[in-house]
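Q: Let me see the structure of the following:
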Amino acid sequence: MKSNKFTEALARPYFRTKRMLLHLTDFLIRDRTKRNSFCSWATFPHFSETINHEPYAPHINVAFCFNQNLILQATTTILSLLHNSPACTYEIYCITDITSKQQQALQKTITLASSKSKIHFLKPNSDYADAKLGTWSDAIYWRCMLPALLPQIDQILYADVDTVFLSDLRDVNEIDFGDNLIAGCFDKPGYINSGFMVMNLKQIRAENKYPQMIDWARNNLTKYPDQDMINHICRGRILQLSRKYNLIVVAAYSMLKTMTIKQYNELKHPVMLHYAGKLKPWNYEIKSFLHLIYGENTHA
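A: Numbers count the residues shown, from 1 in each chain. Prediction:
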């Protein structure tokens, strides 16, 4: 039976339920024989054969912001996501000032990597023209323009371009926001690192938070202006994500000292590595870079 819109509608909750049941049995049923018997029933094999549908491959909105100085890094980040997400398709929104020629080259590269994913280029607006920057580039506020630049999008995943993806984003794309405005990985209680976020754009617009963000940026200068602004405006409405979605490489060793066994097991299979801070892999040879992070006995 060929799949159609009706069978697709049936398939999506089926495969989500299947994954949930299999995870649940690992926790509840310790006896292997009983667990295998239950799993055999829980996967509903006859139903699966009837709909004849491959596991649901989500369509995910994701955004990146970068200027001309970071086009190679942005390309690397995007390609790492596509190469490690063969079952997903992405609508990729780039807030950037790169030239038309550079856009065409990047578009061609993305199409070769994933024929189903699409890339869209958006110019930053002038909403944050009066924001206080200190020594930072105005590009730090481009991510904050997403609620205005994407009025047709309800939810989007955002990532910095000093990152490398090791897995797809299907799980985090399906989170239940509740009444939260944003989701991310905590650097400290209640405070996220803005290098990876899931943004509830619909709710941000509905509660008129966007003008508040602009006003805060015009009147405050802090150590991390855009990140501090996001945390201030969304305070109390931030959903915590597993650190595996934003594993900051230079902080990984110190994190090991305080994390729980559960957190450690999650980090054995990180979704994204984040090269935050001044130490960037493109500034060093791989061997030298690893040596700086892990010490003298590191071998490339």
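Q: Look up how far residue 91 lies from residue 196.
A: Distance from residue 196 to residue 91, counting by CB to CB, to the nearest Å: 17 Å. Just so you know, the C-beta spots here come from the backbone N, C-alpha and C atoms, and that holds for glycine as well.
Q: I misspoke; the intended subject was residue 199.
A: As judged by CB to CB, residue 199 and residue 91 stand 14 Å apart.
Q: pLDDT below threshold where in the stretch 1-150 of the chain?
A: Segments of the stretch 1-150 of the chain classed as low confidence (criterion: pLDDT under 70) are 1-57.
Q: show me where it has helices.
A: 5-28, 32-42, 45-51, 71-83, 100-113, 146-149 (DSSP state H, counting those that start in this stretch).
Q: Burial check on residue 266, number of neighbours?
A: For residue 266, the count of nearby residues is 17 (other CB atoms under 10 Å).
Q: likewise the one 4 residues further on?
A: The burial metric for residue 270, expressed as a neighbour count using other CB under 10 Å, is 20.
Q: Without its sequence neighbours, what residue ends up closest to residue 190?
A: The spatial neighbour of residue 190 that comes closest, neighbours along the chain excluded (CB to CB, 6 or more residues apart in numbering), is residue 238 at 6.5 Å.
Q: Do I have it right that that neighbour meets residue 178?
A: No. With contact defined as CB atoms under 8 Å, residue 238 and residue 178 do not form a contacting pair (11.1 Å).
Q: For the two, indicate the residue with more neighbours.
A: Using other CB under 10 Å as the criterion, residue 238 and residue 178 rank with residue 238 on top: 19 against 9.
Q: residues touching the more buried one, list them.
A: Shown in contact with residue 238 (CB atoms under 8 Å, 6 or more residues apart in numbering): 180, 181, 182, 183, 184, 190, 192, 231.
Q: which non-adjacent residue is nearest the last one?
A: Spelled out, it's residue 231. residue 191 (5.1 Å).
Q: distance of the one you found from residue 228?
A: Residue 191 is 9 Å from residue 228, where distance means CB to CB.
Q: cool, residue 200 as well?
A: Taken as CB to CB, the span from residue 200 to residue 228 is 19 Å.
Q: The two: which has the busier surroundings?
A: residue 200 (26 against 17).
Q: got the phi/psi numbers for the residue nearest to residue 190?
A: In this entry, residue 238 is assigned phi and psi values of phi -120, psi 130 (degrees, to the nearest 10).
Q: just the helices in the stretch 201-300 of the chain please.
A: Taking DSSP H, counting those that start in this stretch, the helices of the stretch 201-300 of the chain run over residues 201-206, 209-219, 225-233, 252-256, 261-267, 286-294.
Q: and of these, who's closest to residue 164?
A: Each of these was scored for nearness to residue 164 using CB to CB, and the closest is helix 286-294 (12.7 Å).
Q: Leaving out chain neighbours, which residue sits closest to residue 220?
A: Nearest non-adjacent residue to residue 220, counting by CB to CB, 6+ apart: residue 132, 6.6 Å away.
Q: In this structure the one you found contacts residue 215, no?
A: No. Residue 132 is beyond contact range of residue 215, at 11.7 Å (criterion: CB under 8 Å).
Q: do you know how far residue 105 is from residue 171?
A: In terms of CB to CB, residue 105 sits 32 Å off from residue 171.
Q: And for residue 76?
A: Distance from residue 76 to residue 171, by CB to CB: 23 Å.
Q: now do residue 189
A: Distance, residue 189 to residue 171, by CB to CB: 23 Å.
Q: Contact partners for residue 81?
A: Contacts of residue 81 by CB under 8 Å, 6+ apart are 62, 90, 165, 168, 169.
Q: show me where the stretch 101-250 of the chain has strands.
A: Using DSSP state E, counting those that start in this stretch, the strands of the stretch 101-250 of the chain run over 118-122, 156-159, 163-165, 182-188, 191-199, 238-240, 247-248.
Q: So which residues make contact with the second one?
A: For strand 156-159, the surrounding residues in contact (CB under 8 Å, 6+ apart) are 60-65, 77, 93, 143, 146, 150, 165, 169, 172-173, 194-199, 201, 272.
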